[in-house]
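J.: got a structure for you, letters missing:
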């Protein structure tokens, strides 16, 4: 049993270490969405311990996304993402405090939409339409 878990942990570590910055962001979104869904499930089962545990994991990912924003260089995009992340964080806290799945649905919607945007950026980069900095290829972004 321990060998199987060690192999899974190694696979995950390799996936993270070999991922592009865009893929890492998508992976964070995937984790957050997974934990929000797990929170909803625990809430529907009345399992307050599991609900709190899973919700805090989602909150931690949102906090990490917030802290990774470069507010100086990111301009309006970073400010808008920060506002959206703040909203999601608030929805998660309120959902957990009030045992209200509607707030979780609101957080899921925002994070799902944002995830799709990051996936599209990743697709464009893989197609050679964006450089590693996320800027359109063939433009002079000085």
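T.: That came through, no problem. Since the structure is predicted, the reported quantities are computational estimates derived from the model, not experimental observations.
J.: Kindly state the pLDDT recorded for the residue nearest to residue 64 when sequence neighbours are not counted?
T.: Closest residue in space to residue 64, ignoring its immediate chain neighbours: residue 28 at 6.6 Å, by Cβ to Cβ, 6 or more residues apart in numbering. C-beta: built from backbone N, CA, C; applies to glycine. Residue 28 carries a pLDDT value of 97.
J.: Mind listing what's buried along the strand or helix carrying residue 73?
T.: Assigned by DSSP states H and E, residue 73 belongs to helix 71-98. Residues of helix 71-98 classed as buried: 78, 81-82, 84-85, 88-89, 91-92, 94-96 (neighbour count, 16 or more other Cβ atoms under 10 Å).
J.: How confident was the prediction at residue 127?
T.: Residue-level confidence at residue 127 comes out at 78, pLDDT.
J.: do the same with residue 136
T.: Reading off the confidence values, residue 136 has pLDDT 71.
J.: I figured residue 61 hits residue 28, correct?
T.: Yes: the criterion here is Cβ atoms under 8 Å, and residue 61 meets it with residue 28 at 5.4 Å.
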